[in-house]
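**Student:** Have a look; sequence and predicted model below, questions after that.
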Amino acid sequence: MIQVVYTDNKYDYVKDIVLDKLIDERKITKFMRKSGWATIGVDPIRTGKNEFLFPFKEKRSRNKRAVHHQVTNDERRALLSTTSRF
């Protein structure tokens, strides 16, 4: 169970599968990590959309097939150095 703080400052414990939904719906302001409180909008948080791990936008060609950006080693190092690991 994960301790959370709702927008009305009430504390609660929720199952980990509920955490993303509460974050997306902006129903909580903080949740407890092993390292301490994570504040929504201040601390880096996980998302179900992989936005944190893959900041490049997907590009589509005219035939609707995905065109992927080949990440260079320099870009990979830069991404890893700027992202926090959970």
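**Tutor:** Nice, thanks for sending it over. Numbering: from 1, shown residues only.
**Student:** the strands in this protein, which residues?
**Tutor:** 2-6, 11-14, 28-33, 36-39, 59-60, 66-67 (DSSP state E).
**Student:** can you pull out the helices in the chain?
**Tutor:** 16-24, 73-82 (DSSP state H).
**Student:** Tell me who's in contact with T7.
**Tutor:** By Cβ atoms under 8 Å, 6 or more residues apart in numbering, the residues touching T7 are R26, K27, I28, T29. Where C-beta positions appear, they are placed from N, C-alpha and C, glycine not excepted.
**Student:** In JSON lines, list these along with distance to P44.
**Tutor:** What follows is the contacts of T7, written out as JSON lines (distance: Cβ to Cβ, whole Å):
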{"residue": "R26", "distance to P44": "17"}
{"residue": "K27", "distance to P44": "19"}
{"residue": "I28", "distance to P44": "16"}
{"residue": "T29", "distance to P44": "16"}
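**Student:** which of those lies closest to Q3?
**Tutor:** I28 (10.1 Å; Cβ to Cβ).
**Student:** Measure how buried D74 is and give me the count.
**Tutor:** Using other Cβ atoms under 10 Å, D74 has 8 neighbouring residues.
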